[in-house]
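> Okay, here's the prediction I keep looking at, along with the sequence it came from:
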Amino acid sequence: MPSGAPISCPASVPSYRLWFRHFYVFAAAYTSIITLVTFQLYFVSGTFTLSPAFSFALDLLASDDRTVKVSAVSCFLSLCLLTIHSWHRLYETWFISVFSDSRINILHYAVGYAHYIGAVAAILAESPGFTDTKVEYENDKLVSLLENVLDCDSVNVEDIRDWITNDEVDEITDNDIVEMVTQEEVIKEEENGRKNLILHSEGLKTIEAALQYINQQEEATPADIICLHLNAVFSLKDITLRDIYGCGLFLWACYHQYRSTVILANLRKNKKGKIVTHHHGIPYGGWFELVSSPHLLAEVIMYLALTIILWGAHTWPFIFLWVLSNQVESALLTHWWYLSKFEDYPKQRKSIIPYVL
């Protein structure tokens, strides 16, 4: 949930700020489970059937005709980062932050849960394997075939590699290779001496690295199968500079959010770390020298980093805009409160964007 974001609508039932801990427990567990499910899909099985309810939820969020907009690499990386962030916030709220007895709106409390459910769904909605109820990859049959390729007496790995090497000329598809190996059939030459040409499949190229690795082993091991799926389903070739830059930006912002949380908490602790007050004070140090709410600035940067990684997705930008508007509102209210509360509050500080806002 965006850190400290306010909901202005009144509600009949208030809740304590300490309850922030609740939806971070939920967020950490939920993002971890979804990340493990995605790991199972991309690295282990290559197949996974979505539950009708989950599929309906994704359709409701991003329409039932949604298509793949991001790579498996970008999807899995984003889920990992969101999971790290959830556990990071869980640690902060349980072991660092010092909450006062003030209360938050019950609607704000509920939105905390909805935010993480929606954020995870927005990542999955346009990712490989989640755009249809049944997951089917272009080279899914090849994945299944190569897991047992060394058990085939008539055809070996070298034969398959030769077919892949010549696929540009012969225009052989995944199904052709599966048929050659499993049914021991060879494409027959027609009367004119030419082979029966079939459309070329890009899926053949994705398993080359896995073939080379398995060929070095006397027997296929679990590591071989993981390597096979890593190249056939989760291609390392799909890693882009956007993924690297986005990951670095996210972790950098996460670190500064942690520093800001520590600075705020120390205002209510003595040098031994014992809580001595619940009163507010003026924070100094780190990004507090530039803005009143650096932890909210860091939150915006982290979601911007995820937007960079998920560039091209149509659903995720709405999550980013929600976080941006929410954090800006919260930062402005906090900044105005500081100015009204402390006469000696630093005049050069902005609310959330250094030197601008």
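Looks like it came in fine.
> ok, and the closest non-adjacent residue to residue 119?
Distances taken as Cβ to Cβ, 6 or more residues apart in numbering place residue 319 nearest to residue 119, at 5.3 Å, with adjacent residues excluded. C-betas here are computed from N, CA, C, even on glycine.
> Tell me the buried residues in the helix or strand harbouring that neighbour?
Using DSSP states H and E, residue 319 sits in helix 316-341. For helix 316-341, a neighbour-count test (16 or more other Cβ atoms under 10 Å) marks 316, 319-320, 322-324, 326-335, 338 as buried.
> Past the lowest-mean-pLDDT helix or strand in the chain, which element shows up next along the chain?
When the helices and strands of the chain are compared on mean pLDDT, DSSP states H and E, strand 14-16 comes out lowest with a mean of 43. As assigned by DSSP H and E, the chain's next helix or strand after strand 14-16 is helix 20-39.
> What's the first helix or strand after that following helix?
helix 52-62.
> Can you tell me which helices and strands the helix or strand where residue 252 lies packs against?
Assessed by DSSP H and E, residue 252 sits inside helix 241-266. Packing partners of helix 241-266 (3 or more Cβ pairs under 8 Å, 6 or more residues apart in numbering; DSSP states H and E): helix 72-95, helix 294-309.
> May I see the buried residues of that helix?
242-243, 246-247, 249-250, 253-254, 256-261, 263-266.
> Poorly predicted segments of the stretch 101-250 of the chain, please.
Applying pLDDT under 70 to the stretch 101-250 of the chain picks out residues 101-104, 132-236.
> hmm, back to that, pretty sure residue 118 is one of the things the residue nearest to residue 119 touches, is it not?
Yes. The pair residue 319 / residue 118 is scored as a contact, 6.5 Å apart, by Cβ atoms under 8 Å.
> list the contacts for residue 239?
residue 73 (Cβ atoms under 8 Å, 6 or more residues apart in numbering).
> now residue 21, nearest residue through space, not along the chain?
residue 93 (4.7 Å).
> Can you tell me the number of residues neighbouring that neighbour?
If you count neighbours by other Cβ atoms under 10 Å, residue 93 ends up with 21.
> what pLDDT does it get?
Looking at residue 93, its pLDDT is 85.
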